[in-house]
Each structure stands twice: as structure tokens, then as C-alpha cells.
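A.B. asks: Kindly return the folded structure for what I paste below:
(one chain, ligands or ions: 2)
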Amino acid sequence: MDFCARPDLIPVETALSLMQQALDPILESETVSLLDSLDRVLTAPLYSNINVPSADNSAMDGYAFKLTDDLSTLQIVGDSLAGHPYAGEIRSGECVRITTGGIVPKGADTVIMQEQVERNGNVIRINVRPHLGENIRRAGEDSAKGSMVLSQGHRITPIDIGLIASLGITEVQVYRRLKVALLSTGDELTPLGKPIEDGKIYDSNRYTLNALLQRLHVETIDLGLQPDTPEIIKKSFTQAMKIADVVISTGGVSVGDADFTKDVLAELGNIYFWKVAIKPGKPFAFGKIGNCWFFGLPGNPVSAAITYHQLVLPSLRYLSGEIFNSAPKLNAITQQKFSKQPGRADYQRGILTSENDTNYVASTGVQGSGVLTSLAKANCFIVLEQERGKVEKDEIVKILPFDKFIL
Ligand code: AMP
Ligand code: MG
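C.D. replies: Ligands and ions are numbered 1, 2, ... in the order given. Next up is the predicted model:
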């Protein structure tokens, strides 16, 4: 990695790949109990030590028998209920009553639904001739013994928790959680709980980011609200680099008189770049202080949330050891005009609707980078490519529906 900071405006994709080249995923692991493994990342592939299901069993409530030419009547010789198999073997002309999940007895190869037979005492008559093997779930058809069920680098979802439980596994090995320190900078910021004075605003970014980081299941270290004083910002960063893997700050990365974050970072470590061709969010600094990665987000609340989602989140997922694909974009037809200047990729806030399987998108209204309600009302980003100009009504645009990391 070239340690010289790039002063130019770099495309989003370049920023992402430069960060990925620089970042080293964490290697330390720990063993956690199954329920504690939600949202954690597997250090190794997970294999099944058993067949799931363990034996051929019935997918329906019905009768199990051997398929022969003459199925006119079958004699019921016993039951195979879920958890209570039929001990014997059945012969041609015989059947057992079977419930869903009941083991298919020896000698049987087909199950017929009970709705498709007529029963008279201990004899059934089959109305619809079944196919060989019908309604039988095969041993190992879900997870075969010895097969890989989840791959290394996979982030565990609620469904995976059930899947791992189905294998009888109670503990899993995962990478340790990332430690992420967080601070806001700005003399105009007021902590919650204090009355607001004219010209001041409440510090909302730290709350947005804290909540977004909770969704990623990292360990968050809140370094609070800091004034635009280089010595104090320096102290916070020095503290952060000792205790955290990553520090995220908001505010002070632009070129205003009070924008010291970047200078302090340059003094303590290395800046790789600080301008990305993204709107909102052009000032975005990436660097390293000691062994701690640094992401400096712009102060405007929409810019902070969007640069987090587009640039920081993929980096944190990568650092956590996760192997993942970026979320697919969809096409949608615009329901109105959108203003746009070539030069930066624009993430406008949209409302996606669908009618007759066609996607339509409208703006959430005023798109200022300080207008947090524009993002709160949205259910997607309208991603307008870097070199694209203004967009007319009825044009096709790319949209990125929100995922759980931002909702
Ligand atoms: P800056 O990036 O420091 O130049 O800030 C840009 C704009 O974002 C200014 O209007 C700030 O008041 C606002 N801002 C900065 N930090 C925060 C924050 N933590 N919460 C809400 N707004 C902020
Ligand atoms: Mg500021």
C-alpha cells in the first residue's frame, strides 16, 4: 500500500478497493455457545457429523408400503409414528400407518397421503396410483454426513442458528468482535439532556453510528463529544489507538478553519485519502494510527450515515473476517426528475414502490446533506453514477434497497 495520501477525488469503487488492500482482517478467535453466535463470523467451515434427517421418513400423514402392480387393497399391519418406528419388515400387500417424520419401515418404498385412500377397518384401498418413492424424505437430503454446511467467513444469521442446531452442534468458533471507538467533533454540538442554544445543534451522529454498529455486533467504545480543539482531538485519538481496532469520528474532515481531524491524524499516523467522489460525503478520510484503522466521516448527518453505509460498513465487515458479496442493485423507473451534476456518485434518498412487477422510485423530497428526515423517510438509495447528469422522469436508474444495516 502506498502510504502517500491521495489528495484527489477518488471514485467510490477505488476507495473501497484501496481500503480492502490496506486492511488486515482480524485473526483471533473464540468459542461461543450457539445462541451467542448470531451475527458472528465463522473462522472455519462447518461440517455435518450426521445425516439430517437421520433416516428416510415420511413427508405426509398416510400409509407406507411397497409399490407393486397390484395395489387394489393393502392390509394395515402396524404404525410408524414420528419418534416411534415400526419394528418389523412389511411384505407386498401390507402397509403401515405413518405420520409426518415417521421412519419408512423396512420393505416399504412409497408413502401415500391419507387423503388419497379409503380405509375400511384394517384395509385400505388406493384411489390414485402413486409414483415410486413418493412422499419420502431421504436420509441426509438436508445435510449429508461429512458435507460442508457453512463456509469459513460466513456471518451467522438466525436461520443458520437453527441449521447448526439441526446438526446437534452447541458451540462454534468465531472471530473475536471488532472493537470500534466512536467520537463526534464540533464546537456547535450539544449533548442530549442539555437545553439547546441558538446556533447549536444536538449531536445526532454518535447516536446514529452507535445504533448502526449495534446492528453489526461489534464492541463499541463511545469516546463522546469533543470540541474543535486539536489538542483534545489528539488526546482522544491517542486513547482510541490503544484500546480499539478502529476509530470512527464525525466532523472536522473538510477544509474549514475548524477542521482539525485530518491534521491530527496526519500527525499521529498516516492518511491514505480524504476525498471521495460521493455525494453526499465528499470529505471522508481513511488512515491508520498505530495499529488502529481510522475512518473520518463528514459531520453532516446524512453524509455521515451514507459514507458509513457505503464505505465504512464494507470495511468493518471485511476486517471482521467476513466473506460477502455486495448487495445487488435493482432497476427502477423514475417518477420525477432528479437534479445531478457529473463528477460524484450520488446516493439520493428514494421511496421504492412496485406495481405489476415493475419498480418505481420517487424522491423523499429535499435532499440536503443535513436533512436527516430525507433518509428516515427513504426505503432505498437512488444510486446515480459518477458521470451521469440530470435524470428525467421515466428514465431507468439503479436503486439499492436498504438492508438491516441501515433500517
Ligand atoms: P463538519 O463536517 O464538521 O464541517 O460539519 C458539517 C455539518 O455537520 C455542520 O453543519 C455541523 O454542525 C454538522 N454536524 C457535525 N457533527 C454533527 C453531529 N455529531 N451531529 C449532528 N450534526 C453534526
Ligand atoms: Mg465541524
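A.B. asks: residues in contact with residue 59?
C.D. replies: Contacts for residue 59 (C-beta atoms under 8 Å, 6 or more residues apart in numbering) come out as 100, 111, 135, 136, 137. Quick note: C-beta positions are derived from backbone N, CA and C, even for glycine.
A.B. asks: Mind telling me which residue of the stretch 201-350 of the chain is nearest ligand 2?
C.D. replies: residue 251 (3.9 Å; C-beta to the ion).
A.B. asks: In three-state terms, how would the nearest residue to that residue once chain neighbours are set aside be classified?
C.D. replies: Distances taken as C-beta to C-beta, 6 or more residues apart in numbering place residue 299 nearest to residue 251, at 3.4 Å, with adjacent residues excluded. At residue 299 the chain is in coil, as set by DSSP: H, G, I helix; E, B strand; the rest coil.
A.B. asks: where along the stretch 101-250 of the chain do the helices fall?
C.D. replies: Remark: helices assigned in the stretch 101-250 of the chain by DSSP state H, counting those that start in this stretch are 158-166, 205-216, 230-243.
A.B. asks: and of those helices, who's closest to ligand 1?
C.D. replies: Of all the helices of the stretch 101-250 of the chain, it is helix 205-216 that lies closest to ligand 1, at 3.3 Å by C-beta to the nearest ligand atom.
A.B. asks: Buried residues in that closest one, which are they?
C.D. replies: 205, 206, 208, 209, 212, 213, 216 (16 or more other C-beta atoms under 10 Å).
A.B. asks: can you put those in CSV and add pLDDT and distance to residue 77?
C.D. replies: Formatted as CSV, the buried residues of helix 205-216 follow (pLDDT from 0 to 100; distance: C-beta to C-beta, whole Å):
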residue, pLDDT, distance to residue 77
205, 98, 72
206, 98, 71
208, 97, 67
209, 98, 67
212, 96, 62
213, 97, 62
216, 93, 58
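A.B. asks: OK, contacts around whichever residue of the stretch 101-250 of the chain sits closest to ligand 2?
C.D. replies: Nearest to ligand 2 in the stretch 101-250 of the chain, going by C-beta to the ion, is residue 186, at a distance of 4.0 Å. Counting by C-beta under 8 Å, 6+ apart, residue 186 makes contact with 203, 225, 227, 228, 251, 252, 258, 299.
A.B. asks: likewise residue 44?
C.D. replies: Residue 44 touches 152, 173, counting by C-beta under 8 Å, 6+ apart.
A.B. asks: in a strand, that's where it is, yeah?
C.D. replies: No: judged by three-state DSSP, residue 44 forms no part of a strand; its state is coil.
A.B. asks: Look at it and report its pLDDT.
C.D. replies: pLDDT recorded at residue 44 is 98.
A.B. asks: do residue 262 as well
C.D. replies: The model's pLDDT for residue 262 equals 86.
A.B. asks: Likewise for residue 324?
C.D. replies: Model confidence at residue 324 (pLDDT) stands at 96.
A.B. asks: What's the local residue count around the residue nearest to residue 251?
C.D. replies: A count of nearby residues for residue 299, using other C-beta atoms under 10 Å, gives 26.
A.B. asks: That one contacts residue 258, doesn't it?
C.D. replies: No: Residue 299 is beyond contact range of residue 258, at 10.1 Å (criterion: C-beta atoms under 8 Å).
A.B. asks: How about the residues of the stretch 101-250 of the chain by ligand 2?
C.D. replies: Counting by C-beta under 5 Å from the ion, the stretch 101-250 of the chain comes close to ligand 2 at residue 186.
A.B. asks: so where is the stretch 101-250 of the chain shaky, pLDDT-wise?
C.D. replies: The stretch 101-250 of the chain contains no residues with pLDDT under 70.
A.B. asks: Quick check: residues of it near ligand 1?
C.D. replies: 184, 186, 188, 189, 201, 203, 204, 205, 206, 250 (C-beta under 6 Å from any ligand atom).
A.B. asks: so the fourth one makes contact with residue 197?
C.D. replies: Same thing as residue 189. No: counting by C-beta under 8 Å, residue 189 does not reach residue 197; the two are 11.4 Å apart.
A.B. asks: neighbour count winner among the two?
C.D. replies: For residue 189 versus residue 197, the count of surrounding residues by other C-beta under 10 Å is larger for residue 189: 21 against 9.
A.B. asks: Just among the contacts of residue 59, which is most surrounded?
C.D. replies: If you rank those by neighbour count (other C-beta under 10 Å), residue 111 sits at the top with 29 neighbours.
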